[in-house]
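[1] can't give you the sequence, but here's the structure:
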């Protein structure tokens, strides 16, 4: 546990990504500027709760607003306070530190309203792919990911998509957009969008990304934080999987499955230490800090070279 007795709110946010906190306490991945059923009221019949960029407060990336109720708004610590009925922000801060291994354990309490916010309709994504363009493949090649690897991992360029069964007209995707098919479901990937809008998916908690492509010819498995990193690692000959998002844990039973298929496992998440690598009971390895601030292995490959990334992985994965 990090010695965090004296950590204030800003110090906590240096250890844990703010968006990760929203995902953890809302129990889903909210899209920024999108309205959802309020997690604070059990009588919200129309979506009225949203998360927005915080432009005026340099210490916070986001704020939330519940426009359909009392009009309350605030930051992540106020949201935790209201979700669990704490009397003070200090109690909410203590809960966050306890949950994320940054302070003393506190007694857990249940949410006052057990609403998991949801989109207007349940996601049921349908897609139409398009042919690869040179600029698409060039974008992936900077991460050492070839067209052959993209085909292996059932990744396509995205033309348009539908998010729900009731949506009649499709949404046409931006120029640089991709879709991952994970078994029978999809994850949409928009690399150029802002945080909170890069991904949309209808994956369940049982979907493990990269599991379908494992060949079990190695005794070592790498657990990383994104499908792009899974493909990047595969390009260097490593078997890898990731959760459906870096803010959600692997499904129940995953650790037993690993122990029956692999002798060793490593966790390779971002080196900013703000994501949930400590969820996994395996050695943690990270891309070392660089002058180009490469956070993960795919960014390191882009910023330096495939050969430099291959050499680094040989030193990290023993």
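    Cool, got the structure. No experiment lies behind these values; they were computed from the predicted model shown. Residues are numbered from 1 along each chain as shown.
[2] show me the contacts for the residue nearest to residue 41 when sequence neighbours are not counted.
    Closest residue to residue 41 apart from its sequence neighbours, by C-beta to C-beta, 6 or more residues apart in numbering: residue 69 at 5.2 Å. C-betas here are computed from N, CA, C, even on glycine. Going by C-beta atoms under 8 Å, 6 or more residues apart in numbering, residue 69 touches 38, 40, 41, 44, 48.
[3] what helix or strand is residue 69 on?
    Using DSSP states H and E, residue 69 sits in no helix or strand.
[4] list the buried residues for stretch 85-98?
    By 16 or more other C-beta atoms under 10 Å, the buried positions in stretch 85-98 come out as 86, 91, 92, 93, 94, 95, 96, 97, 98.
[5] that should have said stretch 144-159, apologies.
    Within stretch 144-159, the residues that qualify as buried are 144, 145, 149, 150, 153, 155, 156, 157, 158, counting by 16+ other C-beta under 10 Å.
[6] among those, name the ones in strands.
    Per DSSP state E, strands hold the following members of those: 155, 156, 157, 158.
[7] so which of the residues you listed is the closest to residue 195?
    Within these, the smallest distance to residue 195 is 19.3 Å, found for residue 158 (C-beta to C-beta).
[8] related to what we said a few turns ago, which of the contacts of residue 69 lies closest to residue 288?
    The shortest approach to residue 288 among those belongs to residue 40, at 42.0 Å (C-beta to C-beta).
[9] looking at the ones in strands among the buried residues of stretch 144-159, point me to the pair that's furthest apart.
    Largest separation among those by C-beta to C-beta: 155 and 158, giving 9.8 Å.
[10] hang on, the earlier thing: out of the ones in strands among the buried residues of stretch 144-159, the closest to residue 302 would be?
    The shortest approach to residue 302 among these belongs to residue 155, at 17.1 Å (C-beta to C-beta).
[11] tell me who's in contact with that closest one.
    Residue 155 touches 178, 179, 180, 181, 227, 231, counting by C-beta under 8 Å, 6+ apart.
[12] and what about the second one, helix, strand or coil?
    At residue 179, secondary structure determined by DSSP: H, G, I helix; E, B strand; the rest coil is strand.
[13] check what pLDDT it gets.
    For residue 179, the pLDDT comes out at 98.
[14] circling back to that earlier point, specify which member of the ones in strands among the buried residues of stretch 144-159 is nearest to residue 297.
    Proximity of those to residue 297 (C-beta to C-beta) peaks at residue 155, which lies at 17.4 Å.
[15] my guess is residue 298 contacts residue 143. True?
    Yes - the pair residue 298 / residue 143 is scored as a contact, 4.4 Å apart, by C-beta atoms under 8 Å.
[16] tell me, what's touching the two both at once?
    By C-beta under 8 Å, 6+ apart, the residues touching both residue 298 and residue 143 are 228, 232.
[17] more neighbours, those two?
    Under the neighbour definition other C-beta atoms under 10 Å, residue 298 and residue 143 were set side by side, and residue 298 has more, 25 against 22.
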